[in-house]
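Undergrad: got a predicted model here, sequence first, then my questions.
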Amino acid sequence: MGDTDLSDNELSEKVESVVQSEAGSDARLAWLLSPRGVREQAHAILAATLRGDSEHFTIDERALPAVVERVARVTQANYPDFGAIPYHSRLRHFGVGGVDRWAQFEARIESLPALARLRARMDLVITSVLLDAGAGPGWSYRASPGGTFARSEGLAVASFDWFMSGGLSSQPLDAPLRADARRLTTLTEDDVALAFQVRRENRLVGLGGRTRVLQRLGAVTRARGDWFRPEAHGVERPGALADVLMERVEDATLPAPRVLEAVLDAFGDIWPGRERLGSKPLGDVWKHSRFGHVPFHKLSQWLSYSLCECLELAGVRVTGLDQLTGLAEYRNGGLFVDLGVIVPRRPSALGERHAVDSDLVIEWRALTLALLDKVADRLRERWQKTPEELPLVKVLEGGTWAAGRAVARELRADATPPISIDSDGTVF
């Protein structure tokens, strides 16, 4: 797992090198836009915290076995056959309420040529993932059939229904099962509010942020012809990323880091008001007052995991999944806070709201990523699995995300995370 094999002293030295290397070189940019950069910086911050060099947190390593035990129990309960653990991808949420929505979607596209099916899958997955950042505790979506769903599941079902109805296509009658630039760029907050059943008594956090991300997705799809080649009649769609990725397949194989590399470059301009290095947008990278730039790429990595599953459905063998990292979001992070591994120096921090770009939140997210690596390592040792047999994407699904949610429900009636964050609908 890379830095998990380094000593604390070596990790501490890496912290210092990161702090001192803020020059905007091509190498630094490549590092910030890579899973290696995410992992190395996360482990460097963990090393500093273990050394007592964090203003906001301490780490209680004695509590880590309890986290591992909790994740093991949840995984074994959900997936008694370890070989059947699926990826932690967007596709999982499409089956909530006992309705196999993905099968419904596949039935609608089965007559299309193989590449057209892959484009449609990617159109659906890209838009649904980008709409997923936390909904807030007061919002829910009533599906017909299937019931009422909140949080990630509700966002998944709402985005799925919107897509299936032709709501993201400029030709909803003739070509409903696609998202295209013409429609995306003209979406309004009212369109998103209607699709997600937003009302005064059913507020969705970050409605404006989600709308702007979709609009910018349309603009990027139109502007980046190197990634999104127009189809016949000039149709520009995010799912055209499939064409370029398939061209990079060799011997029916594609490394997962190549998928993330494509996602970070192709979609980099959709994130509003974020850090830049020179003219290059950095996306989910934040500036810590002491540790410098700290990369996460949470939504981009989750999108990459989801696109990898789409590619596998198209017959591509995806390798190197474990080179990607865990996801720096509040379910995984909440697990470590709630079970006492990540300990705020100020207990009152748990009762306050924090900006997503605050030092405290940046450190919490980084510590989460490093600790997820350690949990994965211990689970593999426990079950005698290799990283290829039990990649991190399966540990998350098995796993840490479900355990984080379960613990939150046990401790708080509304299952909110232990640390409250002001979100614009584009990060968590």
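TA: Alright, I've got the coordinates.
Undergrad: from Val393, how far off is Gln323?
TA: According to CB to CB, to the nearest Å, Gln323 and Val393 sit 11 Å apart. (Each C-beta comes from the backbone N, C-alpha and C, glycine too.)
Undergrad: and those two? Which one has more around it.
TA: In this view Gln323 and Val393 are compared by other CB atoms under 10 Å, and Val393 has more residues nearby, 30 against 19.
Undergrad: what sits against the more buried one?
TA: Remark: with contacts taken as CB atoms under 8 Å, 6 or more residues apart in numbering, Val393 is in contact with Tyr87, His88, Ser89, Tyr305, Leu321, Asp322, Leu324.
Undergrad: now which of these would you call buried?
TA: Buried by 16 or more other CB atoms under 10 Å: Tyr87, His88, Ser89, Tyr305, Leu321, Asp322, Leu324, out of the contacts of Val393.
Undergrad: which of these sit farthest apart?
TA: The widest separation within the buried ones among the contacts of Val393, taken as CB to CB, falls between Ser89 and Asp322 and amounts to 15.0 Å.
Undergrad: mind putting the contacts of Val393 in TSV, distance to Pro172 included?
TA: Conversion of those to TSV gives the following (distance: CB to CB, whole Å):
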residue	distance to Pro172
Tyr87	30
His88	31
Ser89	27
Tyr305	29
Leu321	36
Asp322	40
Leu324	35
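Undergrad: so of the buried ones among the contacts of Val393, which ones are in helices?
TA: In helices, defined here by DSSP state H, the members of the buried ones among the contacts of Val393 are Tyr305.
Undergrad: nearest to Gln76, of the buried ones among the contacts of Val393?
TA: Taking the buried ones among the contacts of Val393 together and measuring to Gln76 by CB to CB, the closest member is His88, at 16.6 Å.
Undergrad: got the phi/psi numbers for the closest one?
TA: phi -80, psi 80 (degrees, to the nearest 10).
Undergrad: quick check: pLDDT value at it.
TA: The score at His88 is 93. That number is its pLDDT.
Undergrad: what's the closest non-adjacent residue to Thr368?
TA: Gly333 (4.0 Å; CB to CB, 6 or more residues apart in numbering).
Undergrad: could you do Lys280 as well?
TA: The shortest distance from Lys280 to any residue other than its chain neighbours is 5.8 Å, reached at Leu29 (CB to CB, 6+ apart).
Undergrad: wait, isn't that neighbour in contact with Arg276?
TA: No: proximity of Leu29 to Arg276 does not meet the contact threshold set by CB atoms under 8 Å, at 10.1 Å.
Undergrad: tell me which of these two has more neighbours.
TA: The neighbour comparison of Leu29 against Arg276 (other CB under 10 Å) goes to Leu29, with 15 against 12.
Undergrad: for the helix or strand that contains that one, list the C-alpha coordinates in PDB.
TA: Take DSSP states H and E as the rule and Leu29 turns out to sit in helix 26-32. Extracted C-alpha coordinates of helix 26-32, given in PDB (Å, rounded to 0.1, in the frame of the first residue of the first chain):
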ATOM      1  CA  ASP A  26       4.700  19.800 -13.800                       C
ATOM      2  CA  ALA A  27       5.800  17.100 -11.500                       C
ATOM      3  CA  ARG A  28       3.900  18.500  -8.500                       C
ATOM      4  CA  LEU A  29       0.800  19.000 -10.600                       C
ATOM      5  CA  ALA A  30       1.000  15.400 -11.700                       C
ATOM      6  CA  TRP A  31       1.400  14.300  -8.100                       C
ATOM      7  CA  LEU A  32      -1.600  16.300  -6.900                       C
END
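Undergrad: now do it: which elements does it pack against?
TA: With contacts taken as 3 or more CB pairs under 8 Å, 6 or more residues apart in numbering; DSSP states H and E, helix 26-32 sits against strand 276-277.
Undergrad: any residues touching the strand it packs on, and which ones?
TA: The set of residues external to strand 276-277 that reach it, using CB under 8 Å, 6+ apart, is Gly24, Arg28, Leu29, Leu32, Leu282, His293.
Undergrad: buried subset of these?
TA: Among the contacts of strand 276-277, the ones that count as buried by 16+ other CB under 10 Å are Arg28, Leu32, Leu282, His293.
Undergrad: helices of the stretch 101-250 of the chain, residue ranges please.
TA: 101-109, 114-130, 151-164, 181-184, 189-195, 207-223, 241-247 (DSSP state H, counting those that start in this stretch).
Undergrad: residues contacting the residue nearest to Lys280?
TA: Counting by CB under 8 Å, 6+ apart, Leu29 touches Leu277, Gly278, Lys280.
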